[in-house]
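K.L.:
My questions concern the predicted model and sequence given below.
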Amino acid sequence: MVWAARLAVGATYVAAAVPKAGDLVGFAEDIRNYQSFPEWSLYVLAAVVPMVELVGAAALLSGRTRWVRAGAVVLGALTVAFIALIASVMVRGIDLDCGCFGKQTETEAEAVGWPTLLRDVALLGGIGVAMLSTRVRTPPV
Amino acid sequence: MTLLALARDSALLGVAAALLGVASLAIRPGVPWTPPPPPPEPAVCGADDDFAMAPEPELRRLGADELRARMAQVVLVDARSAEAFGMGHLPGAHSLPAADIDAIVSSESLPLPTDRDIVVYCDHEGGLDAQYVGRVLDAALGCDRIYVLDGGIGAWTAADGPLEVTTGEPRSG
């Protein structure tokens, strides 16, 4: 269960990061559509976010308790940010392509909505499972 | 593992990832640090009140007497309806009704010689249709040798200019 959760979360973030890292300009356009970030920050965010996803996923999949926990914290923070962003877009009524897995064609594009939000909440749950599984048990005194 | 150690490791991981991201942007050829400014929105007719209020530049006008003197050196365009054209038009004029000019320009090659000045006329004293057709021709042909008959066909007939019916018979104005 724990192993499966780590694998699922790690694989999801790797699958999300690779196309975005390969198409920085396209991902920056997706970020711009969220209307939440200043123009000057778009390329930096488009470069940093996939790298954080990749590094976090690598740490989560590393199997070393110390880095699994750190990776879970990093990916957890990122996922919370994604959830807040998606909720903000839904509240503002902005209709846009999620861009979660890079630039999609018009037919493949995933509109931001409840399914996106629930997927990220599920991811957060998986990260929680991975995190809790590494909790160090205090030996009885 | 203490919370402090976890925070330190997480921060280390996050900072390392961010630095890697920034480095990947720095070494990526042809991608600047900031996106180029988005292209300006295309102007929409009427969207800008100031623009909508601005009068369109008028084509130069040519008087009926001057036109009579230059008849052989100009191409005449009748901007009235085909029915009005059939009832009588300036000799040798081409019928390009204002109502159809956009379709004609976009679907056909214009049957107009461009080596001479073009004079457009209609039956409005102010030459509204003639101005419109003239501007469309101006845009389509890319030449600035287009004039509007001042006073329209009424001024032409008042100056005793001849008219021609579709059969080709000259008719006195």
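P.N.:
Looks like it came in fine. Residues are numbered from 1 along each chain as shown, chains lettered A, B, ... in the order given.
K.L.:
Show me what from chain A comes close to chain B.
P.N.:
Within chain A, the positions adjacent to chain B are A:21, A:24-25, A:28, A:32, A:39-40, A:42-44, A:46-52, A:54-56, A:59, A:65-67, A:69-71, A:73-74, A:77, A:136 by CB under 8 Å from any CB of the partner chain. For the C-beta atoms, the positions are set from N, CA and C on the backbone; glycine is no exception.
K.L.:
Pull out the buried members of those.
P.N.:
In terms of neighbour count (16 or more other CB atoms under 10 Å in any protein chain shown), the buried residues within the residues of chain A next to chain B are A:21, A:24, A:28, A:32, A:42-44, A:46-52, A:54-56, A:59, A:67, A:69-71, A:73-74.
K.L.:
residue ranges of the helices in chain A, please?
P.N.:
Using DSSP state H, the helices of chain A run over residues A:2-22, A:24-33, A:42-62, A:65-92, A:114-132.
K.L.:
If you drop the residues flanking it in sequence, what lies closest to residue B:77?
P.N.:
Leaving aside its chain neighbours, residue B:77 sits nearest to residue B:120 (4.4 Å; criterion: CB to CB, 6 or more residues apart in numbering or on different chains).
K.L.:
so what's that neighbour up against?
P.N.:
B:59, B:76-79, B:127, B:130-131, B:133-134, B:137, B:146-149 (CB atoms under 8 Å, 6 or more residues apart in numbering or on different chains).
K.L.:
just the residues you listed: which has the poorest pLDDT?
P.N.:
Minimum pLDDT for the contacts of residue B:120 is recorded at residue B:127 (81).
K.L.:
if you go through chain B in chain order, where are the helices?
P.N.:
B:3-27, B:49-53, B:64-69, B:82-87, B:101-107, B:128-141, B:152-158.
K.L.:
ok, of the ones you listed, where does mean pLDDT dip lowest?
P.N.:
Among the helices of chain B, helix B:49-53 carries the lowest mean pLDDT, at a mean of 47.
K.L.:
Those residues of chain B touching chain A, which are they?
P.N.:
Close to chain A, as judged by CB under 8 Å from any CB, chain B has residues B:1, B:5-7, B:9-10, B:12-14, B:16-18, B:20-22, B:24-25, B:28, B:31-35, B:37.
K.L.:
of the residues you listed, buried ones?
P.N.:
Among those, those scoring as buried are B:6, B:9-10, B:13-14, B:17-18, B:20-21, B:24-25, B:31, B:35 (criterion: 16+ other CB under 10 Å).
K.L.:
pretty sure residue B:74 contacts residue B:67?
P.N.:
Yes - with contact defined as CB atoms under 8 Å, residue B:74 and residue B:67 form a contacting pair (7.1 Å).
K.L.:
how much space between residue A:40 and residue B:90?
P.N.:
63 Å (CB to CB, to the nearest Å).
K.L.:
about what we covered before: pick the one among the buried ones among the residues of chain B next to chain A closest to residue A:7.
P.N.:
Nearest to residue A:7 among these: residue B:13, at 18.9 Å, using CB to CB.
K.L.:
so who does the closest one touch?
P.N.:
Going by CB under 8 Å, 6+ apart, residue B:13 touches A:55-56, A:59, A:67, A:70-71, A:73-74.
K.L.:
ok, 10 Å please
P.N.:
By CB atoms under 10 Å, 6 or more residues apart in numbering or on different chains, the contact list for residue B:13 reads A:52, A:55-56, A:58-59, A:67, A:69-71, A:73-75.
K.L.:
Then residue B:5?
P.N.:
Counting by CB under 10 Å, 6+ apart, residue B:5 touches A:66, A:69-70.
K.L.:
With adjacent residues omitted, what lies nearest to the residue sitting nearest the centre point of chain A?
P.N.:
For chain A, residue A:79 is the residue whose C-alpha lies nearest the centre (CA atoms, centre = their mean; 4.8 Å). Distance criterion CB to CB, 6+ apart; nearest residue to residue A:79, sequence neighbours excluded, is residue A:124 at 4.8 Å.
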